[in-house]
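Engineer: Task: produce atomic coordinates for the following.
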Amino acid sequence: MPIYDLSYRAYRGTFSSHRWRWATIAKAGLAYYLTRKLYLAFLFIGLIHPIARGVYIWIAHSNPEVELIKIDSEFFRGFILVQGFFLMMACIWPGARLIARDLKTNAIQLYLSKPLSRLDYVVGKLAVVAAIGGILITAPALILFLMELGLSTTSVFISTYWWLPLAIIGYSAVVILAAGLTVLAASSLSRSGAYAGLLFFGLIFFSQVAAGLLVLITRNEAFGVVSLPDLARQISTMFFGGALEFGLHPIASFLVYATVVAVSMCILRRRVKAVEIVT
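Structural biologist: The predicted structure follows:
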């Protein structure tokens with residue numbers, strides 16, 4: 001029988017740019033969860049609050065005499081803070097499973113055996129959380145801003161709050177980055193997504209407990225920023241205006257924020273490896 005030539009054949013397809021290779025991981029992660037009916041139901045629940053705010057804006061312009069809440073920067077700040085709860089739930093599920101599941105199946109070694117760096121892998125996983133955060137926070141807030149702008153009959157709103165879209169995007173990016181890196185760090189510490197989710201929730205809970213104890217012991221409200229939810233609330237005043245709730249200089253708050261991000265990145269650097277050494 002004839003023997004065919006089985007020599008090496010060069011790849012003749014197109015190569016993607018290295019800077020976008022992380023997008024393959026993000027696309028696969030989003031496709032997995034956005035096709036699950038249960039997760040789509042969760043996203044729908046998370047969008048009920050934006051829909052209610054939109055209905056209120058419409059009613060406020062249709063019947064000015066029934067306006068109960070002034071539509072200003074505080075209106076949008078309060079909206080984003082409420083949506084932060086759904087971001088936390090999104091971090092617990094699916095965020096806590098993103099790396100834990102790969103550790104359980106040893107998929108990280110498979111990922112990094114391809115032309116992907118550890119940075120590509122982490123950015124791809126972070127993009128999944130960021131995209132879901134954008135769906136729950138950034139996009140609805142921008143739509144509400146455009147809705148208020150479109151229904152306004154004067155230029156007072158746009159002339160006063162023209163900077164709101166920048167504040168919405170900037171604050172969303174800051175919060176989503178910290179939440180995403182923190183939950184990925186928690187996910188990298190366990191092979192179980194459930195345990196990783198509990199670890200992330202425990203971090204949020206115990207940070208609040210620690211902040212309360214420090215404030216009680218020192219009688220200094222500035223220690224309130226040790227609580228991660230209160231830190232997010234403190235940073236929100238820097239983007240949307242208003243008095244700082246804990247009387248702390250903004251630089252100190254950003255230092256606490258930078259510490260959370262730096263620790264999360266260090267954990268990810270140590271845990272995401274191409275080769276796992278078992279001792």
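
Engineer: going forward, measure contacts and count neighbours with C-alpha atoms only.
Structural biologist: Noted.

Engineer: Secondary structure element holding the most centrally placed residue in the chain?
Structural biologist: Nearest residue to the geometric centre of the chain (Cα atoms, centre = their mean): Ile176, 2.6 Å. In this structure, Ile176 sits in helix 164-188 according to DSSP states H and E.

Engineer: Can you name every helix or strand that that helix contacts?
Structural biologist: For helix 164-188, the contact count by 3 or more Cα pairs under 8 Å, 6 or more residues apart in numbering; DSSP states H and E identifies helix 73-92, helix 100-105, helix 118-133, helix 139-151, helix 193-218, helix 228-240, helix 250-271 as packing neighbours.

Engineer: Could I get the buried residue list for the fifth one?
Structural biologist: Counting neighbours by 16 or more other Cα atoms under 10 Å, one finds that the buried residues in helix 193-218 are 193-201, 203, 207-208, 211-212, 214-215.

Engineer: relative to helix 164-188, how tilted is that helix?
Structural biologist: Interaxial angle of helix 193-218 relative to helix 164-188 (axes from the mean of the first three to the mean of the last three Cα atoms, to 10 degrees): 110 degrees.

Engineer: Output the contacting helices and strands for helix 193-218.
Structural biologist: So helix 193-218, by 3+ Cα pairs under 8 Å, 6+ apart, packs with helix 73-92, helix 100-105, helix 164-188, helix 228-240.

Engineer: repeat for the shortest one
Structural biologist: The contact analysis (3+ Cα pairs under 8 Å, 6+ apart) places helix 100-105 against helix 164-188, helix 193-218.

Engineer: Give me whichever of the helices and strands packed on helix 193-218 is most buried.
Structural biologist: Among these, helix 164-188 has the highest mean neighbour count (mean count of other Cα atoms under 10 Å), at a mean of 22.

Engineer: Residue ranges in this structure under the pLDDT threshold?
Structural biologist: 1-17, 66-67, 243-249, 274-279 (pLDDT under 70).

Engineer: Which one of the helices and strands packed on helix 164-188 lies nearest to Ala28?
Structural biologist: Closest of the helices and strands packed on helix 164-188 to Ala28 is helix 118-133, at 9.0 Å (criterion: Cα to Cα).

Engineer: List the buried residues for that closest one?
Structural biologist: 118, 120-133.

Engineer: what's the closest of these to Ala100?
Structural biologist: Nearest to Ala100 among the buried residues of helix 118-133, counting by Cα to Cα, is Lys125 at 11.3 Å.

Engineer: Not counting its neighbours along the chain, what's nearest the closest one?
Structural biologist: Ala26 (5.9 Å; Cα to Cα, 6 or more residues apart in numbering).

Engineer: now that neighbour: how far from Leu40?
Structural biologist: 17 Å (Cα to Cα, to the nearest Å).

Engineer: higher neighbour count, these two?
Structural biologist: Each of Ala26 and Leu40 has its neighbours counted (other Cα atoms under 10 Å); Ala26 has more, 22 against 13.

Engineer: Tell me who's in contact with that one.
Structural biologist: Neighbouring residues of Ala26 by Cα atoms under 8 Å, 6 or more residues apart in numbering: 124-128.

Engineer: All good on my end, thank you.
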